[in-house]
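Enquirer: no sequence on this one, just coordinates:
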Ligand SMILES: Nc1ncnc2c1ncn2[C@@H]1O[C@H](COP(=O)(O)OP(=O)(O)OP(=O)(O)O)[C@@H](O)[C@H]1O
Ligand SMILES: Nc1ncnc2c1ncn2[C@@H]1O[C@H](COP(=O)(O)OP(=O)(O)OP(=O)(O)O)[C@@H](O)[C@H]1O
Ligand SMILES: [Mg+2]
Ligand SMILES: [Mg+2]
Ligand code: NI
């Protein structure tokens, strides 16, 4: 019988195979192919065991005990042990934001036996399971200890996991093609698939990720049956795809993505809160989404920093566009007419449209804008600079995120308010917000957590931490496939090919 | 001749040194940081700095340069920062499609353009001449991706004769290999056909006025032979120059075609590497290009001597 | 008498509008019979080549035959189809062109070029037969070592050898008619004599008729059975060689014949006894070698000459003997390998190119190949005024001088605005002379400067040069292979062979009493030896 | 008045000027000139011809087909394609001409030097080989940091890799021309070397250079598009035919008008330049006349 192969075009080519060293989403997707996780979210955003058979927490909320399922094996044949899990999580905790927070509260990880291990906290922490079940950004994937012992700032040298697919090293061509084969030794859970949780059944023999840089070609290839799956066809192509009856569009990720406008708090004029507030009032999600997505079926205005549709969603403090007030604030803020450098990454189709919209909005309230086009790498290099604009600094950049990474004040990197040291690009330095985030982390009661999140949001909108430019969803286009999982990432278990 | 060849091949060494240095300098001038792309969007500046240190990117440029040169002398082009793969392996994987496309394109372009140019020159001023000239001018001005999409639309989507995209190695059989190259070759060759046809027409037009052409006619030689053996042979030097320039252009300049038809070639590797600031890959690829160009130009110069016995080195 | 191979009847060919006359030729009647050589003579631009090309069906598209017929063994070539014409060309009629330099395909071995003439008319030949035929043909035309030579490219052959290849090509299919358009003009006398002899011989063997275009009356006297004289597109006289040469009826013919210089030098002129203007001592020139190695040619071997103001020194010798090389060394187009060259008191042989600017004005060269020495993209006027303007003459003045000079060389000043390709060979040569004179040089080097001219113009030019020499005290280095011309104009002569001077002395002595064997052989080879010598030097009454 | 007039009349007008009007009677030159003229006028008069500000975004009206409001439709930001194309003419023509001119001038200089001075040939041509190897995008990205994204940067980045190609072409012509007797003749009448090169050697390169220059001009306009697309081109705020097409490439199938109109403009311009170039060459090069006359 012929091998069943899915040929998929992902949103970018896989080049870095270590999903811990990088936050690149393609590496995360790769991670879900070959690695497995201890816990995963189900469709109600509840954390469910995956590799773990069961877990328990002590009454003082300080000790978490985890037991592994039977029959878990890495692709090289060795069984998965507690050592592997501890090493993997510790490596992850060095890179991921929430992992770091967890590490701050962690006293130690203790191996009980090959299948059982314990996490001992210094003090109670509300996000232990949320962190361990984290479906995106850096996901705590479990790899063999020898790989997990690689320093966290160095690429792992191998691609060995315990997930439902195996990496075919000989056929890997970075940036071009990745090949996965069904892991026949994989023991899936018996529960049905639910979001990222449940039984991961590989129903095809082989998955090939092919990087077709030209979407026009990718779609033609899909129509012609040369490929089966496109992860993120640009929205402008959806009308063409819809005309084709045998192509299905699957909105697998209800939370979707959203864009972010980030100002540089360390340089004038955005070191002044009034000027930031003016910007928050000048811009308008509708324009961004129209320019970026266009089709209202796929976008959503969302006043929540922590994402509409997530437990923390609220509209607290969301600025209503008000040009007059913005102009007034600008004056009060003492804006001196110096050009504002907005960086536009023209090689990144989904981010590129944001900057011109911002530029036009700022011009409307009388700001002087210098819109500079560059490639994404230049932007990435330049946004790290804290120097004045004249020496290569910047004022505004935009980027986009997968919303599942934004759903609470800890995970949401835009809420990092640690300032120039330990903060994220733009470097807002707001101790109150950091205090609130800390409180959120310690809070064990979901209802109270929600309240703290709302407080964070209110304050953050007021100070202009960043402007969310609106939510949008990117459907998967596929032909002849069924069972595409609705989850936080495009995963290939459960998919059947006719 | 032997000495000439040896001299020219030796001359590649300074070229490579110059290219290596210039590219290295350019890379340090260009902003961007491979460590940042490795770390991803959500990484903090501190994490990026750690990766930089790990990669040795925070050492003084001179040290890095010397280190790289040192490894180069040992025949080691280094390892990609991003994908962790040896540069030689990356190049090895990508060179075949590019060479294949370049070869088919050049062969096809020559096969079409030279006869067109000759006929246009022969029938100077006639409708054939005008048609050839019009075609070659239009060939100059259609953006290559538009042509690519149109061909895909026609041959792959409507007629379904050919696949839309992809590349199959020649090792897997000639037929699958060539069917996937037909459309890219057609797309890419239009501009070369235009260029070569024009040069051929111009050169042949000039040689047709030479005395030896008249001599050939006085001998009663047939027109076809007058055109090919006398006029074209003597017009060959500029035509070969242009073909050589064309090959050089092809090898680096096929990014768009490679993207449109999803061919895993060197053009895309270069652009990817530049956009990701994957220093070792960029450096390796440019060195390879420089070496190829020297070889191509050497080939052209040798071709001159074969085509025109008066030229000697 | 047998039927003519070629019978041109009342031919007229129209010139494009705006030409100097409505028809290039009109009312032309020429008959060539088997085993007969008919020479066509006439001034430059008189339509000799046009007649030949019309016969071959090789006219450029701008020229159109408008009347008459051309019968090749009874078949009209004017009305023949293109395919038929192609069949006829090469097989029944063949042509030998004036310039062996450019008439052969430079990138094809000469053997193949000869073979090609066979291929197109005798397709049944096997490879071996074919190459045997080629070698036989090459042997026929006395090319040395045919087997080797067949693989050589034209640039590896001497001018005479190339011309022989052309002849072999023309003879390949034993054509009934051979048209030769000035086939020996570019060749030295010895080679010329061999070629003429060869043509006569071969023609006798193949029963061909030859239409021979030339302006050299020596050649005419040597080979012609019958002579046709043309002028301004019309036929002025026709008759047997004896009739035309010895009893010309038409005044124009008489004028032409009178213009033929005598091979006996006139009595020596008094030369003012001044210090020599140009002297060379032991000049050597080796071509080739250098960084890349390769074959070397010693083109000059210890050549010493001297030239006084007002004196004309002739250099004669066979092709490749180093005449042009010597001229080029003196004019410093090439750097002599060794030896000394002085201009006045100044040593110029070793000066770097940068320092030569002042000297260039004083030494001028008239080149061997007039067409290629004029930039095809510049008008004649531009070419002439270039030099004077380089030395500070105003544009207006330079133009004025150019007009005068053009008149001086017997051309319309309006020609200044035309391009070189719009002139005939002779006219181009005159332009080149005008260009050199425009510089008002002290030393004039004329490298085959009058070889391409018809006798009447040649005479004018020679007189012109003499006149200038007289007036300006010009020193002239006169390179020629035409011994008559040398005798006519040179005060003293140097004979060169293989890069060496084998004999030197006043013209009277050298011509009257040649010492060296080679010099003797050279004089013996001069065409029309002994003819025209006693012809009166004064123009006949018209 | 009459006295000076008379002496002036005695001088024939300089030949180059005499030939130009003759070139103007060549129909292809006229057609080319007219088309180019229209494009140039459109470029220069752009502000008068706009219907709206070419940079004004109206995201709600994105990708609208041509209508009486937006004559040539709108792009993905709802900007008016017509106004952008008109405005883009300035930039694109400038880039095209500037690149072609600079590449031809510098390339010719280098080619002549390499072809005429054999000592330098080896070195110069190897340096050229090296320059060709440097990817244009890398150059552009590095240039952008040095001098900021902008037209000058783009022009320099496109010009540099073109120079070796021109140089090679010119060199090959010079190698053959330098042996021509008329070059020697010019030296013989004391023409200084620079003038020899200028008058006698360079004109022979014109025919192939016209072909090459028109090619470069068209290619530059398109290369600029690719650079824009990769973030190293002219900022997208400043519309050029290249970056309009680059932005519109994504929506090629649903909104073909976005690239169709700038594409047509590029094609028409390149076509006009080519036709004109060929026509000019045919009339200005007296050697072509030689093909028509071969006797003697
Ligand atoms: N540029 C050159 N390179 C190498 N050899 C040369 C070169 N020019 C001339 N020669 C050789 O030098 C010798 C003398 O040539 P030169 O041109 O001086 O002869 P010439 O006496 O002028 O002959 P002709 O009567 O045919 O013009 C010949 O053997 C020729 O092949
Ligand atoms: N292609 C041409 N276009 C215009 N006129 C031409 C052309 N070829 C020749 N002529 C003219 O035709 C006339 C005859 O020229 P032809 O070449 O037959 O002269 P010729 O007798 O061979 O002279 P020469 O002895 O100088 O070779 C001349 O007036 C010449 O200007
Ligand atoms: Mg000579
Ligand atoms: Mg003639
Ligand atoms: Ni033409």
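Expert: Received it, and whenever you're ready, just let me know what you need. Computed from a predicted model, the values in this text were never measured in an experiment. Ligands and ions are numbered 1, 2, ... in the order given.

Enquirer: pLDDT weak spots in the chain?
Expert: Defaulting to chain A. Scanning chain A for pLDDT under 70 picks out the ranges A:1.

Enquirer: my bad, the chain I had in mind was chain C
Expert: If you take pLDDT under 70 as the line, chain C has these spans: C:1, C:18-20, C:123, C:186, C:288-295, C:452, C:529-542.

Enquirer: in it, what residue is nearest ligand 4?
Expert: Nearest to ligand 4 in chain C, going by C-beta to the ion, is residue C:49, at a distance of 3.2 Å. Where C-beta positions appear, they are placed from N, C-alpha and C, glycine not excepted.

Enquirer: Count the residues that sit near residue B:111.
Expert: 12 (other C-beta atoms under 10 Å in any protein chain shown).

Enquirer: Mind telling me what element it is part of?
Expert: For residue B:111, the element it lies in under DSSP states H and E is helix B:87-122.

Enquirer: picking that back up, can you classify the residue of chain C closest to ligand 4 as helix, strand or coil?
Expert: helix (DSSP: H, G, I helix; E, B strand; the rest coil).

Enquirer: Check residue A:104 too.
Expert: helix.

Enquirer: And it, how far from chain C?
Expert: As judged by C-beta to the nearest C-beta, to the nearest Å, residue A:104 and chain C stand 75 Å apart.

Enquirer: Can you tell me the closest non-neighbouring residue to residue C:57?
Expert: residue C:85 (4.2 Å; C-beta to C-beta, 6 or more residues apart in numbering or on different chains).

Enquirer: actually residue D:115, not the one I wrote
Expert: Leaving aside its chain neighbours, residue D:115 sits nearest to residue D:174 (2.8 Å; criterion: C-beta to C-beta, 6+ apart).

Enquirer: do the same with residue A:177
Expert: Closest to residue A:177 by C-beta to C-beta, 6+ apart is residue A:210, at 5.6 Å.

Enquirer: And residue B:280, by the same measure?
Expert: Distance criterion C-beta to C-beta, 6+ apart; nearest residue to residue B:280, sequence neighbours excluded, is residue B:78 at 3.6 Å.

Enquirer: Torsion angles phi and psi at the one you found?
Expert: When quoted as degrees, to the nearest 10, the phi and psi of residue B:78 stand at phi 100, psi -170.

Enquirer: Surely it and residue B:284 touch.
Expert: Yes. The pair residue B:78 / residue B:284 is scored as a contact, 6.9 Å apart, by C-beta atoms under 8 Å.

Enquirer: who has more neighbours, the two?
Expert: Set residue B:78 next to residue B:284 and count neighbours by other C-beta under 10 Å: residue B:284 wins out with 25 against 17.

Enquirer: tell me the contacts of the closest residue to chain A within the stretch 51-200 of chain B?
Expert: Proximity of the stretch 51-200 of chain B to chain A (C-beta to the nearest C-beta) peaks at residue B:83, 3.3 Å away. Going by C-beta atoms under 8 Å, 6 or more residues apart in numbering or on different chains, residue B:83 touches A:15, A:16, A:17, A:174, A:175, B:90, B:278.

Enquirer: Now do the SS call for it.
Expert: coil.

Enquirer: What does the pLDDT read for it?
Expert: At residue B:83, the pLDDT value in this model is 83.

Enquirer: What spatial separation is found between it and residue B:279?
Expert: The spacing between residue B:83 and residue B:279, counted by C-beta to C-beta, to the nearest Å, is 13 Å.

Enquirer: Residue A:447 too?
Expert: Separation of residue A:447 from residue B:279 (C-beta to C-beta): 52 Å.

Enquirer: Looking at these two, which one has more neighbours?
Expert: Set residue A:447 next to residue B:279 and count neighbours by other C-beta under 10 Å: residue B:279 wins out with 24 against 8.

Enquirer: who touches the closest residue to that one other than its chain neighbours in this structure?
Expert: Closest residue in space to residue B:279, ignoring its immediate chain neighbours: residue B:27 at 5.4 Å, by C-beta to C-beta, 6+ apart. Counting by C-beta under 8 Å, 6+ apart, residue B:27 touches B:277, B:279, B:282, B:283, D:138, D:142.

Enquirer: the helices in the stretch 151-300 of chain C, which residues?
Expert: C:159-171, C:189-206, C:217-223, C:241-246, C:251-259 (DSSP state H, counting those that start in this stretch).

Enquirer: Pick the most buried one from those helices.
Expert: The highest average neighbour count among the helices of the stretch 151-300 of chain C, using mean count of other C-beta atoms under 10 Å in any protein chain shown, belongs to helix C:159-171 at a mean of 26.

Enquirer: so where's the stretch 1-150 of chain B uncertain?
Expert: Judged by pLDDT under 70, the stretches of the stretch 1-150 of chain B that qualify are B:1.

Enquirer: The closest residue to ligand 2 within it: helix or strand, and which one exactly?
Expert: Closest to ligand 2 within the stretch 1-150 of chain B is residue B:124: 15.4 Å, counting by C-beta to the nearest ligand atom. Under the criterion DSSP H and E, no helix or strand holds residue B:124.
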